[in-house]
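Engineer: what's the 3D shape of this:
(one chain, ligands or ions: 1)
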Amino acid sequence: MSEFTLADLEKIVDARSKASPDESWTAKLVSAGQPKAAKKLGEEAIEAVMAAIADDRENLTYEAADLLYHLLVVLKVAGIPLHSVMAELERRTAQSGLTEKASRQSS
Ligand SMILES: N=c1c2ncn([C@@H]3O[C@H](COP(=O)(O)OP(=O)(O)OP(=O)(O)O)[C@@H](O)[C@H]3O)c2ncn1[C@@H]1O[C@H](COP(=O)(O)O)[C@@H](O)[C@H]1O
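Structural biologist: As a prediction, the model looks like this:
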């Protein structure tokens, strides 16, 4: 099993965002700004959805990697560190998703 983590990839994205856009896809997206980076994230999300619906495990694995990478680029452009997202996910472990949904619907 790979020991490579999203935190490792976040460090790479941070480092490559400072490279020349001519030599780095990360730098190219970051320099293009959030509308371009977010659009790319949306495209990758749709491709992952299509692979999931097609029950194409190999392609879903590939598209999920694209999706996670492009999410990290969007977070980078937004100035949101991965640890903030992880903290929010950790906070949510306190209750089930269905309980949380029910609490919103009753308010
Ligand atoms: N994980 C990724 C990663 N996943 C996908 N991509 C790139 O995302 C781009 C978009 O892919 P698509 O084929 O979906 O889109 P496209 O048709 O080529 O693009 P469009 O012209 O249609 O917009 C491709 O250039 C992919 O190579 C990535 N580019 C970089 N990384 C990571 O970032 C590191 C630094 O990369 P650079 O920033 O390019 O140096 C790499 O070593 C990887 O660790």
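
Engineer: I'd like the distance between Ala32 and the ligand.
Structural biologist: 10 Å (Cβ to the nearest ligand atom, to the nearest Å). C-beta: built from backbone N, CA, C; applies to glycine.

Engineer: which non-adjacent residue is nearest that residue?
Structural biologist: Pro21 (8.0 Å; Cβ to Cβ, 6 or more residues apart in numbering).

Engineer: secondary structure class for that neighbour?
Structural biologist: Taking DSSP: H, G, I helix; E, B strand; the rest coil as the rule, one finds Pro21 in the coil state.

Engineer: per-residue confidence at it?
Structural biologist: The model reports Pro21 with a pLDDT of 97.

Engineer: count the neighbours of it for me.
Structural biologist: Counted with other Cβ atoms under 10 Å, the neighbours of Pro21 add up to 14.

Engineer: now do the contacts for it.
Structural biologist: By Cβ atoms under 8 Å, 6 or more residues apart in numbering, the residues touching Pro21 are 27-28, 31-32.

Engineer: of these, keep whichever come out buried.
Structural biologist: Listed as buried from the contacts of Pro21 are 27-28; burial here means 16 or more other Cβ atoms under 10 Å.

Engineer: so Glu44 is in which element?
Structural biologist: Secondary structure assignment for Glu44, by DSSP states H and E: helix 34-53.

Engineer: what does Leu71 give?
Structural biologist: helix 57-78.

Engineer: what sits against the residue nearest the centre of the chain?
Structural biologist: Centroid-nearest residue in the chain, with Cα atoms, centre = their mean: Leu71, separated by 2.4 Å. Neighbour list for Leu71: Leu41 [criterion: Cβ under 8 Å, 6+ apart].
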